[in-house]
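Undergrad: no FASTA, just this:
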């Protein structure tokens, strides 16, 4: 059985030594919203799981990830809290203030989406390369715990983030495609 796997280009030959060069090329507005399509290849099973929906990234509020298909639910990731709604508006909420491992994972996710290089550099070795019409950003996990979830990541963008590919130690690959991106985004928060 043959699988189409993401190709990690030579961006990993170019360590990010000058964050200002990346910041000049990458647009990281305070708020963006749009659509996403996600595909996860489970290598050992030979199965690709697909989902799609809408997202909002707000540097102050965090990330809102609304799955529309195949399941309908919404997850809000904030600095110290994560909450999830199902289609029936049931809520699960988790305060991360006492859970350093979960807090670190939420910081990793937020730092990637809002392009916070100082925070990303705590968890990843960073690589960067300008390309025609945009950029490629590479991230390699610094520790084994993080590598079990995200071993290696590749971020592609033009005016905005366009695609993220990442793999874990099991060689499962996830690709997230972003489209219909706008800087017109609503505010949101987990309920108290």
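TA: Perfect, thanks for sending it. The structure displayed is predicted, hence computed values, not measured ones. Numbering: from 1, shown residues only.

Undergrad: What mean pLDDT does the top helix by length along the chain get?
TA: Identified as the longest helix of the chain according to DSSP state H is helix 100-113. Helix 100-113 comes out with an average pLDDT of 75.

Undergrad: oh, and call the first residue 151 from now on, that's how I've got it
TA: With the count now opening at 151, the last piece we talked about shows up as helix 250-263.

Undergrad: That helix packs against which elements?
TA: On a contact count with 3 or more C-beta pairs under 8 Å, 6 or more residues apart in numbering; DSSP states H and E, helix 250-263 meets strand 212-219, strand 223-227, helix 267-273, helix 294-297. For the C-beta atoms, the positions are set from N, CA and C on the backbone; glycine is no exception.

Undergrad: Now tell me what touches the last one from outside.
TA: Contacts of helix 294-297 from elsewhere in the structure, counted by C-beta atoms under 8 Å, 6 or more residues apart in numbering, are 251, 254, 255, 258, 273, 274, 291, 318, 319.

Undergrad: Quick one: those as CSV, columns for neighbour count too.
TA: Output for the contacts of helix 294-297, formatted as CSV (neighbours: other C-beta atoms under 10 Å):
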residue, neighbour count
251, 10
254, 16
255, 19
258, 21
273, 21
274, 25
291, 21
318, 17
319, 13
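
Undergrad: Let me have those in JSON lines, adding distance to residue 240 as columns.
TA: Shown next, in JSON lines, are those (distance: C-beta to C-beta, whole Å):
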{"residue": "251", "distance to residue 240": "25"}
{"residue": "254", "distance to residue 240": "27"}
{"residue": "255", "distance to residue 240": "23"}
{"residue": "258", "distance to residue 240": "27"}
{"residue": "273", "distance to residue 240": "32"}
{"residue": "274", "distance to residue 240": "34"}
{"residue": "291", "distance to residue 240": "33"}
{"residue": "318", "distance to residue 240": "29"}
{"residue": "319", "distance to residue 240": "33"}
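
Undergrad: For the helices and strands packed on helix 250-263, give me CSV that also has mean pLDDT and distance to residue 168.
TA: Shown next, in CSV, are the helices and strands packed on helix 250-263 (pLDDT from 0 to 100; distance: least, C-beta to C-beta, whole Å):
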stretch, mean pLDDT, distance to residue 168
strand 212-219, 92, 27
strand 223-227, 90, 29
helix 267-273, 85, 10
helix 294-297, 81, 24
